[in-house]
Structure formats: structure tokens, C-alpha cells
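**Q** Here is a sequence with its predicted model. Questions after.
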Amino acid sequence: MRLECFRPIGHKQNQNQNKHDGRLSLGEFRKVVSWSKFLVSSGGKIKGREEDEEAEWSADMSQLFFGRKFASGRHSQIYRGFYKKIEVAIKMTIQPEEDPNLASALETHFTSEVSLLLHLRHPNIITFVAACKKAPVFCIITEYLSGGSLRNYLNLQEPYSLCLELVLKLALDIAHGMNYLHSQGILHRDLKSDNLLLGEDMQIKVADFGISCLENHSGSPKGFTGTYRWMAPEMINEKQHTKKVDVYSFAIVLWELLTALTPFHDMTPLQAAFAVSQKNARPPLPANCPMALSQLMTQCWSSNPNKRPHFEEIVSILNQYSDSFRQDPSFFTHHNPFPPKPRSPHLFHLCIPCICRNSGRRKSVAASPNR
Ligand SMILES: Nc1ncnc2c1ncn2[C@@H]1O[C@H](COP(=O)(O)OP(=O)(O)OP(=O)(O)O)[C@@H](O)[C@H]1O
């Protein structure tokens, strides 16, 4: 998109402008102009993660050019734009006058999202550019990712159609991003395919840190929750939770990659939450899913958070699978993550006569799936 399609805040628009040429429509322009009176004079500061650190994040609004709105969140509108000639996404949130509780929750989440994003630098985490806070309008500027969300991508695919190579690549991108996030002591708490964005080269970046928090401040997110279909049972039950809630959500995302379907699509989010937390329900394992990936998913969505692996381990397992799969495309057909346990020497000894006597029968007994 050409730079001249975008307008700095406060710039007058030509009324005859064509609505469909990538520029702002009159309505969109009026909205941005109405926000501009709040944004132009902004020069906010926000507390950094260190108690005494006040990090400057304030955007230079004269360098911000708005394009079209291309997405919406629950409480935000997302515009394309340019900031200092870099293509960006601009997330705008406006506090509702009529709902002071929501207004205050939105401010808390804006502050928390900025203070966390500010410190993150990783190829699989969305890059923060700048922000602007001038109540009742808040804006967060990040790099723009042209591939849209993973959910939108999956919606365009046939069920069960993603090739294993792509599933492994995307799963590894997510696991790398999450491993980095956890290494920084941050819990995401809303990991889902809508919050995973795709770059041009199908590189995934983790986004939307609105309800994320530092590990040692993991109380319930005031005013908001994550999304039930992806939420770990202990978080649904509002119990104390740890980094492992993200591992649970990762398992659901892995299931989405393998099926391209929406988890618990035949239930409302509340029904899904009840089924997961009270009946230990999980999405059905795909029939043709390699056993190695089924085992990883099952482990990651275990109801006991201590049985879920850390992301470091997940990265290492997925790396191993990717390497083996690259070298031998039939790897997943042969690989059995549950190798039969070696028999104890005592039992082996006892079996010898019976093997000798019934050598023909032994084969079929060993092959019995019930053993
Ligand atoms: N940097 C970006 N590049 C491309 N698309 C983006 C970007 N940021 C957000 N989006 C799009 O906007 C949608 C909503 O963004 P985001 O999840 O950050 O908003 P939100 O208000 O926190 O949403 P919600 O509260 O509903 O989860 C994303 O699912 C994605 O499709």
C-alpha cells in the first residue's frame, strides 16, 4: 500500500475521495479525527517492570499515518498505518463513559500490555513500536503482520488438510515464542489461534498481551478472562494458576493445527468450560494423528498442571520430530512414543520353555493389542 494513501492525524480529507482506493472512508476519517484531539497532545509515561524504571513509550503522533480499519477485538478497533515510515497496526481502545468498571479495566489492561510488550524482543513475539495514552483513548502501535490471524488462515483450509511439515513448523514457532515469554517470567493466559498472527513467510508471532501478567502476580485477570475453549481447567475454576495454563492452551492450538477445526465447535463457550473443568472433556484426537503428536497433546492438556511439560521440553521434542521427519518422511508411521517395556529377566527366564514349546503361537500373542 502506498504511503500517500495514509493521513497523519488532523490532516484534512478531500470529500470526493474514493472509498475503495485503500484510503480512509469519510466515516472512518471522522472517527480518527475525533480521536486525534485526545491523541495529539499525549505524552504519557508508563511504569516499567522495574519498580523505579519509568520507560518512555509515547508515540510521536505527527509521525503516525492512519489507513483503513481491518479488524476489531472485543473492545478495540485495529487500523493499518505507518509510523516513522514503518508499516504498523494501530490498536485503538476507547473507554466507555457509561461503564466506569469497564473503563478502569481497559486502562489496567492497556497499561499492563504496554509494560510487558515494551521489554519483549523475539522473532516469534509481536514487536511493539510505540503507544499513546490519553484517556478515554488508548492506542498501541505494533508491527503489522500481513498474514492475519492463524484462526482466519485455518478457516480457509479443509479440515485435517494441513501437511505435517507445516503443522510442525507452526507448532515450533509458537513453542519458541512461548518458551521465550516464560523465560521472561510472563504468562500469556489467552493463547489461542486468534492471538497468533502470521507474517508473509508463514512465521507465527504471539500477540495480544491484554490479560498477560508476570508469573508472581498471577491472580485472576480483573474484568476479563481468557477464552473458555482454550482455557485450562484450573483457570476456569479460578484456582491458583501457573505457566502451565499456557501449555494447556498450546495443546488446544496444536489440535487446531491438526484438524483446522474450532475446538468444541458444537458447544457454547460456557458449555465447553463446564465440560472441560467438570467432566475432564477434551477435543477428540484426530483418527489419523501420528501417535507421537497425540501423546504430546494429551500430555500438554493433562488435567494435572504438573504433568504438563515446560515449553523448553516441548521445543526440544518438536525439534527432534522435525529433524527426524525431514530425514525420513515415514518417521511418524514408525515412531512409537510408548516403546514396550523390557521384560524383567525373571519373567524372561520363566518364558523360555514356553517360547521353545510354542514358538509359532508366541508371535500372535506378542502382537495382541490388548497386552
Ligand atoms: N499487528 C497486527 N497485525 C495484523 N493483524 C493484527 C495485528 N494486531 C491485531 N490484529 C488483528 O486484530 C485482531 C484483534 O486484535 P487483538 O487480539 O490484539 O485485539 P483485542 O481487542 O485484544 O481482541 P480480544 O480482546 O477480542 O482478544 C487479531 O485477531 C488480528 O486478526
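**A** Yep, that arrived.
**Q** Tell me the confidence at the residue of the stretch 151-300 of the chain found nearest the ligand?
**A** Shortest the stretch 151-300 of the chain-to-the ligand distance, computed as Cβ to the nearest ligand atom: residue-wise this is D208, at 3.7 Å. Where you see a C-beta, it was placed from the backbone N, CA and C, and this is true even at glycine. The model reports D208 with a pLDDT of 91.
**Q** With the one 4 residues further on instead?
**A** Reported pLDDT at S212 in the predicted model: 81.
**Q** And what about L296, helix, strand or coil?
**A** Remark: L296 carries the secondary structure label helix [criterion: DSSP: H, G, I helix; E, B strand; the rest coil].
**Q** my guess is it meets W255, correct?
**A** No. Counting by Cβ atoms under 8 Å, L296 stays clear of W255, with 10.6 Å between them.
**Q** State the number of residues packed around H176.
**A** Here the neighbour count serves as a burial measure; for H176 (other Cβ atoms under 10 Å) it reads 21.
**Q** my bad, should have said S62
**A** When neighbours are counted by other Cβ under 10 Å, S62 registers 10.
**Q** Against K84, how distant is it?
**A** Distance of S62 to K84, computed by Cβ to Cβ, to the nearest Å: 10 Å.
**Q** what does P284 give?
**A** P284 sits 48 Å away from K84, taking Cβ to Cβ as the criterion.
**Q** more crowded one of those two?
**A** Between P284 and K84, counted using other Cβ under 10 Å, the more crowded position is K84 (13 against 10).
**Q** For the more buried one, which non-adjacent residue is closest in space?
**A** Nearest in space to K84, with sequence neighbours left out and distances taken as Cβ to Cβ, 6 or more residues apart in numbering, is Q63 at 4.8 Å.
**Q** And for stretch 275-291, what's in contact with it?
**A** Counting by Cβ atoms under 8 Å, 6 or more residues apart in numbering, the neighbours of stretch 275-291 from elsewhere in the structure are 160, 164, 228, 231, 233, 236-237, 252, 255, 258-259, 261, 263-264, 267, 272, 294, 297-298, 301, 303, 332-333, 335-338.
**Q** right, I mislabeled it, should have said stretch 318-337
**A** Outside stretch 318-337, the residues within contact range by Cβ under 8 Å, 6+ apart are 164-165, 168-169, 171-172, 175, 290-293, 295-296.
**Q** Domains in this protein, by residue range?
**A** Described in terms of automatic domain parsing, the domain architecture of the chain consists of the residue ranges 16-143, 150-334.
**Q** Lowest average pLDDT across these?
**A** For these, mean pLDDT drops lowest on domain 16-143, to a mean of 77.
**Q** Tell me which stretches of the stretch 201-350 of the chain form strands.
**A** 204-206, 213-214 (DSSP state E, counting those that start in this stretch).
**Q** Pick the most deeply packed of these.
**A** Mean neighbour counts were compared across the strands of the stretch 201-350 of the chain using mean count of other Cβ atoms under 10 Å; the top stretch is strand 204-206, at a mean of 25.
**Q** Check which helices and strands it is in contact with.
**A** In terms of contacts (3 or more Cβ pairs under 8 Å, 6 or more residues apart in numbering; DSSP states H and E), strand 204-206 is packed against helix 164-183, strand 196-198.
**Q** ok, now which ones touch the most centrally placed residue in the chain?
**A** When the chain is reduced to its mean C-alpha position, the closest residue under Cα atoms, centre = their mean turns out to be L191, at 3.6 Å. The contact partners of L191, taken as Cβ under 8 Å, 6+ apart, are 174, 178, 206, 226, 230, 246, 249-250, 253.
**Q** Give the burial count for the residue lying closest to I317 once chain neighbours are set aside, as a bare number.
**A** With Cβ to Cβ, 6+ apart as the measure, L296 is the residue that lies nearest to I317, at 6.2 Å, once sequence neighbours are left out. Residues contacting L296 under the criterion other Cβ under 10 Å number 22.
**Q** Report the contact partners of L296.
**A** By Cβ under 8 Å, 6+ apart, the contact list for L296 reads 251, 254, 314, 317-318.
**Q** is any part of stretch 148-155 close to the ligand?
**A** Yes. Applying Cβ under 6 Å from any ligand atom, one finds stretch 148-155 touching the ligand at 148-149.
**Q** how about the residues of the stretch 201-350 of the chain that lie near the ligand?
**A** Residues of the stretch 201-350 of the chain lying close to the ligand (Cβ under 6 Å from any ligand atom) are 207-208, 210.
**Q** Filter those residues down to the ones in helices?
**A** Under the assignment DSSP state H, those contribute nothing to helices.
**Q** which phi and psi does F138 have?
**A** phi -120, psi 150 (degrees, to the nearest 10).
**Q** Give the burial count for the residue in the chain that the ligand sits nearest to, as a bare number.
**A** Across the chain, the shortest distance to the ligand (Cβ to the nearest ligand atom) belongs to G73, at 1.9 Å. Neighbours of G73 under the rule other Cβ under 10 Å: 13.
**Q** and the gap between M202 and S149?
**A** According to Cβ to Cβ, M202 stands 13 Å off from S149.
**Q** wait, M178
**A** Between M178 and S149 the computed distance is 16 Å (Cβ to Cβ).
**Q** tell me the contacts of the residue nearest to P159 when sequence neighbours are not counted?
**A** Computed as Cβ to Cβ, 6+ apart, the closest residue to P159 that is not its neighbour in sequence is A260, at 5.1 Å. When contacts are counted by Cβ under 8 Å, 6+ apart, A260 touches 154-155, 157-162.
**Q** Now the buried members of those.
**A** Neighbour counting by 16 or more other Cβ atoms under 10 Å classes 154, 162 among those as buried.
**Q** Which ones among the contacts of A260 map onto helices?
**A** Members of these lying in helices (criterion: DSSP H): 154-155.
**Q** So of the contacts of A260, which two are at opposite extremes in space?
**A** By the measure Cβ to Cβ, those have their two most distant members at N155 and Y160, which lie 14.2 Å apart.
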